[in-house]
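*Asks:* Using only what follows, build the 3D model:
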Amino acid sequence: MLDITTHPTEPFSARLKRMREAAGLTQYALAKASGVSTASLSRIEAGKRSLTVKTLARLATALHASLGDFDGCTHG
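*Replies:* This is a model prediction of the structure:
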């Protein structure tokens, strides 16, 4: 299980990166598993790109997480 409970107000970009790393995935592996381009994922994790709910759902599915796991994140 991913550790998602210890940083309830961290920026979304930081939470996504932490969850990806906790899952032992590279950006390339998460991009491939989610169908999101590596370039887009890199920009999302850097806080330079927003994302749609559909993209968020794809990333959550690839991380074996729920959309609720991202509750409490701040924008950025």
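*Asks:* can we go C-alpha only for contacts and neighbour counts from here?
*Replies:* OK.
*Asks:* Any stretches of the protein with poor pLDDT?
*Replies:* Applying pLDDT under 70 to the chain flags residues 1-8, 72-76.
*Asks:* Do a quick rundown of the helices in it.
*Replies:* Taking DSSP state H, the helices of the chain run over residues 12-22, 27-34, 38-45, 53-62.
*Asks:* At the geometric centre of the chain, which residue do we find?
*Replies:* Centroid-nearest residue in the chain, with CA atoms, centre = their mean: Leu16, separated by 2.9 Å.
*Asks:* Span of stretch 50-67 from start to end?
*Replies:* 15 Å (CA to CA, to the nearest Å).
*Asks:* who are the neighbours in contact with the residue nearest to the centre of the chain?
*Replies:* Glu45 (CA atoms under 8 Å, 6 or more residues apart in numbering).
*Asks:* Glu21: how many residues sit nearby?
*Replies:* 14 (other CA atoms under 10 Å).
*Asks:* show me the contacts for it.
*Replies:* So Glu21 contacts nothing (CA under 8 Å, 6+ apart).
*Asks:* quick one, what contacts Val56?
*Replies:* Not Val; residue 56 is Leu. Applying CA under 8 Å, 6+ apart, we find Leu56 in contact with Leu67.
*Asks:* Could I get the buried residue list for stretch 17-34?
*Replies:* The neighbour-count check on stretch 17-34 (16 or more other CA atoms under 10 Å) flags 17-20, 23, 27, 30-31, 34 as buried.
*Asks:* Dump the helices of the chain to a markdown table, plus distance to Gly68.
*Replies:* Conversion of the helices of the chain to a markdown table gives the following (distance: least, CA to CA, whole Å):
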| stretch | distance to Gly68 |
| --- | --- |
| helix 12-22 | 12 |
| helix 27-34 | 18 |
| helix 38-45 | 18 |
| helix 53-62 | 9 |
